[in-house]
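J.: Here you go, sequence then predicted model.
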Amino acid sequence: MKKVLIITYYWPPCGGGGVQRWLKFVKYLREYGWEPVVFTPENPECPSVDDSLLKDVPEDIEIIRNKIWEPYSFYKKLTGKKAGDKIQAGFLSEKKTKSKFLEQLSVWIRGNLFIPDARKFWIKPSVKFLAGYLKDNPVDLIVSTGPPHSAHMIAMGLKERFNIKWLADFRDPWTNIDFYKDLKLGKRADKVHHQLEEKVLQSADSVVVISKGMKEDFRSILNRHYEVIPNGFDPDDASVEQGEVKSNGKFSLSHIGSLTKTRNPENLWRVLSDLVKEVPDFARNLEIRNVGKIDYHAVEAIKSFGLEPYLTTIPYLSHEEVVKEQRSASVLLLLVNRTPNAKLIVTGKIFEYLISKRPIICIGPPDGDAATIINETKCGEVFDFDEIKSLKKYLLEKYNAFKANDLINSCVSVDRFNRKNLTEKLASVFENN
């Protein structure tokens with residue numbers, strides 16, 4: 001069986017969206033003739049901890065780790081955060097910042113001094129560590145997955161030393177990620193980011209991205225071949241205590257994941273505020289649920305529309321509990337960041353939404369990658385950021401279906417997003433390297 005070394009910053013018991021993609025690939029790779037070896041930090045800065053994910057790690061898989069130093073302890077002190085506070089990559093602030101100057105200064109330092117990211121100090125020690133490992137333990141292929149893009153820099157260093165085939169996997173864009181413009185980059189730092197990005201695209205033997213939009217975006221940087229392998233759902237997760245779909249008794253609009261400032265759907269809050277006033281019993285039945293971190297600005301917007309009494313926030317659930325949460329919702333909210341790269345954004349949760357048997361409201365660009373998936377699978381409706389009238393009509397339809405106990409929703413053509421099928425496609429890319 002061929003061997004592949006996978007360099008990933010996020011690995012169980014780390015939780016969050018960054019773990020799922022390669023955890024599931026590793027789970028199924030052996031079925032397609034590849035033995036995975038995982039390299040990950042011993043002490044990562046995880047956005048959350050989810051021990052339930054450990055069940056998906058093959059028992060006898062080889063996992064190698066090294067210690068990493070990151071500047072987050074300094075960052076936390078500078079911004080007044082506690083040592084145990086988790087860092088959110090997308091500039092999510094759960095509370096109003098006490099010192100705007102210190103917050104802005106920390107962002108400037110992060111963007112201009114830590115390139116490509118705050119894990120830059122992981123690169124050289126990891127190249128040295130893995131060089132020693134590979135001398136005695138040869139592999140047929142190296143995979144790096146980012147962000148953080150420092151993982152790609154490790155892989156590039158190893159390729160230069162050993163000339164081993166290398167596949168670079170991008171779960172998100174690099175210089176076109178939604179918060180890139182918020183990094184307060186100077187001209188030099190911006191130039192270095194673009195240079196490193198292009199160098200990775202030039203040097204990797206294969207580049208995998210998660211959507212067609214991201215493929216076209218990278219093609220504008222470097223015209224080469226890009227494989228598109230989206231995220232997906234694990235059939236094992238889909239069967240976790242599914243049984244009958246049960247409502248929690250409320251007309252619950254559930255959003256799974258971080259509700260950042262740029263994901264704040266003001267048109268939705270406006271429509272819900274109108275329906276509370278106009279529709280008998282709507283206020284009594286309404287619940288807005290957010291499972292994950294919620295930004296201070298989003299909370300303030302909800303308050304401004306008089307919807308705070310209907311808001312339920314759940315800071316964290318394990319992945320197993322999230323699957324159950326999705327199935328108990330009345331409607332699932334897919335909120336795309338209102339940023340210049342909005343058309344490229346395809347959050348990982350969309351694929352588990354598809355098998356929840358619940359209707360999806362997607363608020364984002366109607367011609368974006370997320371909208372394409374919703375429309376092709378017939379799993380819900382897509383509404384632009386400022387759309388009001390049609391969103392209100394759709395919500396009323398779903399509210400009436402809720403009262404009639406008729407909210408079951410079946411999608412079509414979703415098996416192409418099955419993690420096992422996607423792993424088979426990945427293995428074929430491995431073979432063609």
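T.: Yep, it's here. Residues are numbered from 1 along each chain as shown.
J.: Touching stretch 203-212 from outside, list them.
T.: Residues from elsewhere that reach stretch 203-212 (CB atoms under 8 Å, 6 or more residues apart in numbering): 152, 155-156, 159, 165-171, 201, 215, 218, 224-231, 344, 346, 369, 372, 426, 429, 432-433. C-beta: built from backbone N, CA, C; applies to glycine.
J.: What about the residues you listed, which are in helices?
T.: 152, 155-156, 159, 201, 215, 218, 369, 372, 426, 429 (DSSP state H).
J.: In CSV, list the residues you listed along with neighbour count and distance to residue 5.
T.: Formatted as CSV, the ones in helices among the contacts of stretch 203-212 follow (neighbours: other CB atoms under 10 Å; distance: CB to CB, whole Å):
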residue, neighbour count, distance to residue 5
152, 29, 13
155, 30, 9
156, 22, 13
159, 18, 11
201, 20, 20
215, 19, 25
218, 22, 23
369, 23, 30
372, 17, 33
426, 24, 15
429, 17, 16
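J.: Go through those and say which is closest to residue 285.
T.: residue 372 (32.2 Å; CB to CB).
J.: so how far is residue 228 from the closest residue to that closest one other than its chain neighbours?
T.: Nearest non-adjacent residue to residue 372, counting by CB to CB, 6 or more residues apart in numbering: residue 212, 7.9 Å away. Noted for residue 212: a distance of 6 Å to residue 228, by CB to CB, to the nearest Å.
J.: try residue 131
T.: Residue 131 is 32 Å from residue 228, by CB to CB.
J.: repeat for residue 39
T.: 25 Å.
J.: Neighbour count: these two, which is higher?
T.: Neighbours per residue (other CB atoms under 10 Å) separate residue 39 from residue 228, with residue 39 holding more: 25 against 13.
J.: which one in this protein is furthest away from the centre?
T.: Computed with CA atoms, centre = their mean, the maximum C-alpha offset from the centroid of the chain is found at residue 280, amounting to 37.7 Å.
J.: what kind of secondary structure is that residue in?
T.: coil (DSSP: H, G, I helix; E, B strand; the rest coil).
J.: Need phi/psi at it.
T.: Phi and psi for residue 280, reported as degrees, to the nearest 10, are phi -60, psi 140.
J.: State the pLDDT value of it.
T.: According to the prediction, residue 280 has pLDDT 91.
J.: And for residue 99?
T.: Reported pLDDT for residue 99: 60.
J.: now the one 3 residues further on
T.: Here, the pLDDT recorded for residue 102 equals 72.
J.: And for residue 332?
T.: Model confidence at residue 332 (pLDDT) stands at 97.
J.: Show the contacting residues for it.
T.: Contacts here follow CB under 8 Å, 6+ apart; on that basis residue 332 touches 253-256, 326, 353, 356, 358-361, 380.
J.: how close does it get to residue 354?
T.: As judged by CB to CB, residue 332 and residue 354 stand 10 Å apart.
J.: got it, and residue 316?
T.: Applying CB to CB, the value for residue 316 to residue 354 is 23 Å.
J.: Among these two, which residue is more densely surrounded?
T.: residue 354 (25 against 16).
J.: can you give me phi and psi for that one?
T.: Torsion angles at residue 354 (phi, psi; degrees, to the nearest 10) stand at phi -60, psi -30.
J.: Now the element after the helix or strand of the chain with the lowest mean pLDDT, going C-ward?
T.: Least confident helix or strand of the chain, by mean pLDDT, DSSP states H and E, is helix 72-79 with a mean of 58. Using DSSP states H and E, the helix or strand that follows helix 72-79 in sequence is helix 100-113.
J.: Hmm, residue 395 is touching residue 276, no?
T.: No - contact between residue 395 and residue 276 fails when scored by CB atoms under 8 Å: they sit 11.3 Å apart.
J.: Quick one: the strands in the stretch 101-250 of the chain, in order.
T.: Applying DSSP state E, counting those that start in this stretch to the stretch 101-250 of the chain gives strands spanning 141-146, 166-170, 206-209, 227-228.
J.: Quick check: which of those is nearest to residue 125?
T.: Comparing the strands of the stretch 101-250 of the chain by CB to CB, strand 141-146 comes nearest, at 15.7 Å.
J.: ok, the closest one: who's next to it in the sheet?
T.: Its sheet considered, strand 141-146 pairs with strand 2-7 (parallel), strand 166-170 (parallel) by DSSP bridges.
J.: May I see the buried residues of the last one?
T.: For strand 166-170, burial by neighbour count (16 or more other CB atoms under 10 Å) applies to 166-170.
J.: Tell me where the protein is predicted with low confidence.
T.: Along the chain, segments meeting pLDDT under 70 span 72-99, 238-247.
J.: mind running it again at 80?
T.: Residues of the chain meeting the criterion pLDDT under 80: 70-104, 106, 238-248.
J.: Please list the outside residues in contact with the strand ranked longest in the chain.
T.: As assigned by DSSP state E, the longest strand anywhere in the chain is strand 34-41. If you take CB under 8 Å, 6+ apart as the criterion, strand 34-41 is touched by 1-11, 22, 25-26, 29-30, 61-68, 119, 122, 126, 130, 137, 139, 427, 430.
J.: got the angle for that strand vs strand 2-7?
T.: Relative orientation of strand 34-41 versus strand 2-7 (axes from the mean of the first three to the mean of the last three CA atoms, to 10 degrees): 20 degrees.
J.: coming back round to it: can I get the strands paired with strand 141-146 in CSV including distance to residue 365?
T.: CSV is the format used below for the strands paired with strand 141-146 (distance: least, CB to CB, whole Å):
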stretch, distance to residue 365
strand 2-7, 33
strand 166-170, 20
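J.: Which of those sits closest to residue 305?
T.: Of these, nearest to residue 305 by CB to CB is strand 166-170, at 36.7 Å.
J.: re the thing from before, give me the buried positions along the longest strand of the chain.
T.: 34, 36-41.
J.: Which strands border whatever helix or strand comes next after that strand, and is each parallel or antiparallel?
T.: Next helix or strand after strand 34-41 toward the C-terminus (DSSP H and E): strand 62-66. Partners of strand 62-66 in the sheet, by DSSP bridges, are strand 34-41 (parallel).
J.: domains of this protein?
T.: The chain breaks down by automatic domain parsing into domains covering 2-69+118-232+419-431, 236-403.
J.: Compare those domains and report which one is nearest to residue 112.
T.: Residue 112 lies closest to domain 2-69+118-232+419-431 among these, at 4.4 Å (CB to CB).
J.: re earlier: who's more crowded, residue 395 and residue 276?
T.: Of the pair residue 395 and residue 276, residue 395 is the one with more neighbours under other CB under 10 Å, namely 23 against 17.
J.: So which residues make contact with the one helix or strand that one maps to?
T.: Assignment of secondary structure by DSSP H and E places residue 395 within helix 389-403. Applying CB under 8 Å, 6+ apart, the external contacts of helix 389-403 come out as 247, 251, 267-268, 271-272, 274-275, 279, 282, 285, 330-331, 359, 361, 363, 381, 383, 407.
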